[in-house]
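K.L.:
Generate coordinates for the sequence data below:
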Amino acid sequence: MKRLFLLLTVAALAAGCATPASRIKKNPEAFARLPPEVQTNVQAGRIELGYTTEAVELALGPPPRRYVRKAAGGKHTEVWSYTSTYSTTDRQRVDARVRGYDSQGRSRTYTDWVYVDVEQRHEYERLRVEIETNTVVAIETLAR
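P.N.:
Predicted coordinates:
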């Protein structure tokens, strides 16, 4: 029972940072520094070109992945990658050892095949934000 409570508590804390509202509540000073039109987008979880990294983190949260792109001329661009996941289920045939009883009531082990459903989680990049000198210079979204 204690484990279940601990697991639920950790899940609730992790989910607490999952929305723009919770991130704004956690950092109201940063939100107050934003212009009104930026505040409206941040509250809706949207970003635009020219936003600061602070506004992006309030709107979308910290990125799961960060890259640094080095280009000719010594130009450095930070790339923030936001991902999502989806699940699929594949039915697979599996050989299994099955214990059963024969006609005389003796316990026997048989080898037989059964079908099992195997769930697979897939991760994909849904959004990429490019940042130069603390400002968003490009936004890539997944076209589905």
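
K.L.:
And what about the residue of the chain most remote from its centre, helix, strand or coil?
P.N.:
Distance to the chain centre peaks in the chain at Gln104, reaching 56.0 Å (criterion: Cα atoms, centre = their mean). With DSSP: H, G, I helix; E, B strand; the rest coil as the basis, Gln104 sits in coil.

K.L.:
Return the per-residue confidence for it.
P.N.:
Looking at Gln104, its pLDDT stands at 90.

K.L.:
do the same with Ala72
P.N.:
Note for Ala72: predicted pLDDT of 89.

K.L.:
Just want to check the distance between it and Tyr86.
P.N.:
37 Å (Cβ to Cβ, to the nearest Å). Yep, even glycine has a C-beta here, placed from its N, CA and C like the rest.

K.L.:
Direction included, what does the helix or strand where Arg121 lies pair against?
P.N.:
Per DSSP states H and E: Arg121 is located in strand 107-132. Here strand 107-132 is paired, per DSSP bridges, with strand 76-101 (antiparallel), strand 135-141 (antiparallel).

K.L.:
Report the mean per-residue pLDDT for that strand.
P.N.:
Averaging pLDDT along strand 107-132 yields 92.

K.L.:
residues of that strand that come out buried?
P.N.:
Across strand 107-132, burial judged by 16 or more other Cβ atoms under 10 Å covers 127-131.

K.L.:
What is the subsequent helix or strand relative to the lowest-mean-pLDDT helix or strand in the chain?
P.N.:
When the helices and strands of the chain are compared on mean pLDDT, DSSP states H and E, helix 2-16 comes out lowest with a mean of 46. Next helix or strand after helix 2-16 toward the C-terminus (DSSP H and E): helix 20-26.

K.L.:
Any buried residues in that following helix, and which?
P.N.:
Of the residues in helix 20-26, 20, 23-24 count as buried by neighbour count, 16+ other Cβ under 10 Å.

K.L.:
Any chance of the residues you listed in CSV with distance to Val79 and pLDDT as columns?
P.N.:
Listed next are these as CSV, based on distance: Cβ to Cβ, whole Å; pLDDT from 0 to 100:
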residue, distance to Val79, pLDDT
Pro20, 22, 96
Arg23, 21, 96
Ile24, 25, 95
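
K.L.:
Which single one of those is nearest to Leu60?
P.N.:
Pro20 (7.9 Å; Cβ to Cβ).
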